[in-house]
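Asks: Predicted structure and sequence below. I'll ask about it afterward.
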Amino acid sequence: VKTVLITGATGGLGSAVVRRFRNEGYRVLITVRNGHEHSFTGDPDVLSYPVDLTVEEEVETIFRKIASEHAAIRAALFLAGGFAMGSIETTDSTKLREMFSLNFEATYFLSRLVFQHMLTQPEGGRLVMVGSRPALDAADARNKLAYALSKSLVLKLAEIFNAEGEQKNVVTSVIIPSIIDTPTNRKAMPKANFSRWVTPEEIAEAMISLCSEKSKAWRQPVLKMYGSS
Ligand SMILES: NC(=O)c1ccc[n+]([C@@H]2O[C@H](COP(=O)([O-])OP(=O)(O)OC[C@H]3O[C@@H](n4cnc5c(N)ncnc54)[C@H](OP(=O)(O)O)[C@@H]3O)[C@@H](O)[C@H]2O)c1
């Protein structure tokens with residue numbers, strides 16, 4: 001059985017991704033913030049590990065436990081993150097640090113441990129991170145300053161991991177979604193044309209491919225998944 005570790009599993013994207021990997025026959029390990037409810041409770045194929053991903057010591061402790069309980073980790077998907085509006089005028093250090101912590105540190109603290117672990121696995125491994133369109137496209141970053149900056153670090157981190165992981169078959173991919181068709185987004189933008197948005201299921205399918213044998217020849221994959229928006 002292949003094992004996948006998934007963060008942000010309780011989110012709008014995460015629940016579809018967990019379902020898809022479970023249906024593919026993976027053993028699914030999810031991180032959950034202490035005490036937060038989730039719909040996979042009691043599911044024997046989904047094992048949950050409580051951790052606040054922005055607290056480095058907690059991440060180190062939980063990863064030691066995960067690595068001791070599961071010999072090989074085939075894939076790790078870093079979905080935890082968040083969004084905030086903010087212009088150049090309104091983005092002060094507090095707002096900057098909030099996004100840095102939620103989008104960059106929550107990915108970095110765990111992925112650096114997973115990456116090092118995968119380097120020691122004879123078969124390597126696959127990491128998948130989630131960027132965002134404003135991190136690539138400055139015109140889209142207007143009024144999303146801290147968000148765009150924090151996500152651009154995730155893109156850079158993936159590049160650095162790939163430079164180091166190349167010889168060991170450890171490949172880090174990035175998915176760059178535009179607006180995802182989640183219940184939260186539908187509620188926030190009730191008048192939008194939802195059919196133009198990329199769906200969590202489409203992203204989950206791409207992640208399956210990125211972690212499968214099909215991706216053997218792919219290096220530094222970056223997938224823009226904008227749907228038709
Ligand atoms: N939604 C979009 O339109 C969109 C567009 C582009 C990119 N993205 C990116 O895609 C990813 C998933 O988005 P989403 O819409 O599924 O987000 P979401 O519904 O807000 O879910 C965020 C997930 O991250 C977890 N999380 C947040 N802070 C955490 C922490 N400190 N420790 C552990 N877990 C934490 C949340 O757990 P709790 O349940 O405990 O809160 C939740 O599972 C994010 O990285 C987001 O930036 C989203």
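Replies: Nice, thanks for sending it over.
Asks: Could you report the distance from Met85 to Arg142?
Replies: Going from Met85 to Arg142 by Cβ to Cβ, to the nearest Å gives 10 Å. For glycine as for every other residue, the C-beta is placed from the backbone atoms N, C-alpha and C.
Asks: Flag every buried residue along the longest helix seen in the chain.
Replies: The longest helix of the chain (DSSP state H) is helix 145-165. Across helix 145-165, burial judged by 16 or more other Cβ atoms under 10 Å covers 145-155, 157-158, 161-162, 165.
Asks: nearest to Phe194, of the residues you listed?
Replies: For the buried residues of helix 145-165, the closest approach to Phe194 (Cβ to Cβ) belongs to Tyr147, at 21.8 Å.
Asks: Tell me the pLDDT of that closest one.
Replies: pLDDT, Tyr147: 98.
Asks: Then Tyr226?
Replies: For Tyr226, the model assigns a pLDDT of 96.
Asks: For it, which non-adjacent residue is closest in space?
Replies: Using Cβ to Cβ, 6 or more residues apart in numbering and skipping the chain neighbours, the partner closest in space to Tyr226 is Ser178 (4.2 Å).
Asks: go on, Thr61?
Replies: Nearest to Thr61 is Val51, by Cβ to Cβ, 6+ apart, at 7.9 Å.
Asks: Likewise for Ser132?
Replies: Distances taken as Cβ to Cβ, 6+ apart place Lys151 nearest to Ser132, at 4.4 Å, with adjacent residues excluded.
Asks: And the one you found, how far from the ligand?
Replies: Relative to the ligand, Lys151 is positioned 7 Å away (Cβ to the nearest ligand atom, to the nearest Å).
Asks: about what we covered before: does the residue nearest to Tyr226 touch Ser229 like I think?
Replies: Yes. Proximity of Ser178 to Ser229 meets the contact threshold set by Cβ atoms under 8 Å, at 5.0 Å.
Asks: okay, and the common contacts of the two?
Replies: Trp197, Val198 (Cβ atoms under 8 Å, 6 or more residues apart in numbering).
Asks: Against the centre of the chain, work out the most remote residue.
Replies: The C-alpha centroid of the chain is most remote from Glu89, which lies 29.2 Å away (Cα atoms, centre = their mean).
Asks: how would you label it: helix, strand or coil?
Replies: Following DSSP: H, G, I helix; E, B strand; the rest coil, the label given to Glu89 is coil.
Asks: what's the spacing between it and Ser132?
Replies: 21 Å.
Asks: And Pro221, by the same measure?
Replies: 16 Å.
Asks: circling back: can you pull the contacts of the residue nearest to Thr61?
Replies: Taking Cβ under 8 Å, 6+ apart, one finds Thr31, Val32, Arg33, Asn34, Glu58, Val59, Thr61, Ile62 in contact with Val51.
Asks: Thank you kindly, that will do.
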